[in-house]
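Trainee: Here is a sequence together with a model predicted from it:
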Amino acid sequence: MTPTALLVEDDVIRIWGGVRDKDGVSRIKYIDVSAKNPSEILYVSDKVALDVGNPGCFDDNGMILGDVVRVQNKLYMYYVGFQHVEKVKFCAFSGLAISNDMGKTFMRYSEVPVLDRSNRGRYGRCIHNVIYKDGIFRVYYTIINGWKKIGERLYPKYNIWYTESTDGMHFSNEDTCLCVDINENEYRIGKPRVYETDAGYEMLYTSDLLTKEYVIGNARSLDAKHWERKDDVIGLDKSLAGWDSEMACYAMLLETPYGIYAFYSGNDMGRTGVGYAKLIEE
């Protein structure tokens, strides 16, 4: 789930993601692929890069990956930890782990969340994208603000917000900047990834429709805070058949010396695996 890629050497892309066990509990592992040809797998890690938290902690029932960011000679991994509670499906808050070996292993910064509960985010505040620039950590996250019953199951409702931090470890408990909200045919929109362009900023995200279809969307901004949705220009849709024929979701872009790739998850939120597409210049 939620593949996150980084160019760790000129010819090597490291992709981290959540790998679920038979009970559905996710841990973070990674693979290395060729930057020239990402379908060429160079290495599959046999150990977890980050395991579940101690019993009773916010991440004791698994995690999904938010982002991996270079900070000087270290890597900061922002992730969302899950905890089972009695009266709702789960609570989900954001942790930070730090690596000194280019992401082979990570150590928790703290056993408590760096982005914790707030008045708006009572059930979850989930970091998905962090841009470290000019000494500021610019953070895009989702707020779980309710639950939607579809069929016999409850699903979390959330939308996309923005905040900043000077050290990447301490964040405001106030939620003031809503970036992208749901449409009438959606109940949640998340996993934002923001990129600077010649015309401003572009965001990729994944929305979940009331019909239970995951769709990659697009938004544009001039200041990286106020956004206009442009869902018809993404250019990355599910396939007609195969591993990503039901959904293509959780997309992120990576620029390499060999082109720009989009890595994304396939059917059933990634049960069928991770794939990539290459940007074609027109």
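Mentor: Everything's here; your move. For clarity, every value in this text was computed on a predicted model and none was experimentally measured. Numbering: from 1, shown residues only.
Trainee: so the nearest residue to residue 262 once chain neighbours are set aside, which of the three states?
Mentor: The spatially closest residue to residue 262, leaving aside those adjacent along the chain, is residue 277, at 4.7 Å (Cβ to Cβ, 6 or more residues apart in numbering). (C-beta placed from N, C-alpha, C; glycine too.) Classification of residue 277 using DSSP: H, G, I helix; E, B strand; the rest coil returns strand.
Trainee: How many residues are close by residue 277?
Mentor: Neighbour count for residue 277, taken as other Cβ atoms under 10 Å: 17.
Trainee: contacting residues for it?
Mentor: Listed by Cβ atoms under 8 Å, 6 or more residues apart in numbering, the contact partners of residue 277 are 236, 261, 262, 264.
Trainee: and which of those is nearest to residue 113?
Mentor: For those, the residue nearest residue 113 by Cβ to Cβ is residue 264; the value is 26.8 Å.
Trainee: what's the distance between the residue nearest to residue 262 and residue 123?
Mentor: 33 Å (Cβ to Cβ, to the nearest Å).
Trainee: now residue 24
Mentor: As for residue 24, its distance to residue 123 is 18 Å (criterion: Cβ to Cβ).
Trainee: same deal with residue 161?
Mentor: Counting by Cβ to Cβ, the gap from residue 161 to residue 123 is 14 Å.
Trainee: Below-threshold pLDDT in this structure: ranges please.
Mentor: Within the chain, the set of residues satisfying pLDDT under 70 comprises 234-235, 282.
Trainee: Show me which strand runs longest in it.
Mentor: strand 136-150 (DSSP state E).
Trainee: Find the nearest non-adjacent residue to residue 205, please.
Mentor: Sequence neighbours aside, residue 192 is the residue nearest to residue 205 in space, at 4.6 Å (criterion: Cβ to Cβ, 6+ apart).
Trainee: Which element, helix or strand, includes that neighbour?
Mentor: strand 186-197 (DSSP states H and E).
Trainee: burial measure for the residue nearest to residue 205, as a count.
Mentor: 24.
Trainee: Could you measure from it over to residue 94?
Mentor: Using Cβ to Cβ, residue 192 is found at 14 Å from residue 94.
Trainee: So for the longest strand of the chain, what gets flagged as buried?
Mentor: Residues of strand 136-150 classed as buried: 137, 138, 139, 140, 141, 142, 143, 144, 145 (neighbour count, 16 or more other Cβ atoms under 10 Å).
Trainee: Tell me the one of the residues you listed nearest residue 229?
Mentor: Taking Cβ to Cβ as the measure, residue 229 lies nearest residue 140 of those, at 14.8 Å.
Trainee: From residue 204, how far off is that closest one?
Mentor: Distance check for residue 140 against residue 204: by Cβ to Cβ, it reads 11 Å.
Trainee: Now do the shared contacts for those two.
Mentor: Common neighbours of residue 140 and residue 204, counting by Cβ under 8 Å, 6+ apart, are 192, 193.
Trainee: Can you give the contact residues for stretch 34-42?
Mentor: Residues outside stretch 34-42 that contact it (Cβ under 8 Å, 6+ apart): 7, 9-13, 31-33, 256-258, 261, 263, 276.
Trainee: Mind jotting down where the helices sit in this protein?
Mentor: Using DSSP state H, the helices of the chain run over residues 267-270.
Trainee: ok, the nearest residue to residue 251 once chain neighbours are set aside - contacts?
Mentor: Distances taken as Cβ to Cβ, 6+ apart put residue 264 closest to residue 251, at 4.0 Å, once the chain neighbours are dropped. Contacts of residue 264 were listed using Cβ under 8 Å, 6+ apart, and they are 3, 216, 236, 244, 248-252, 274-277.
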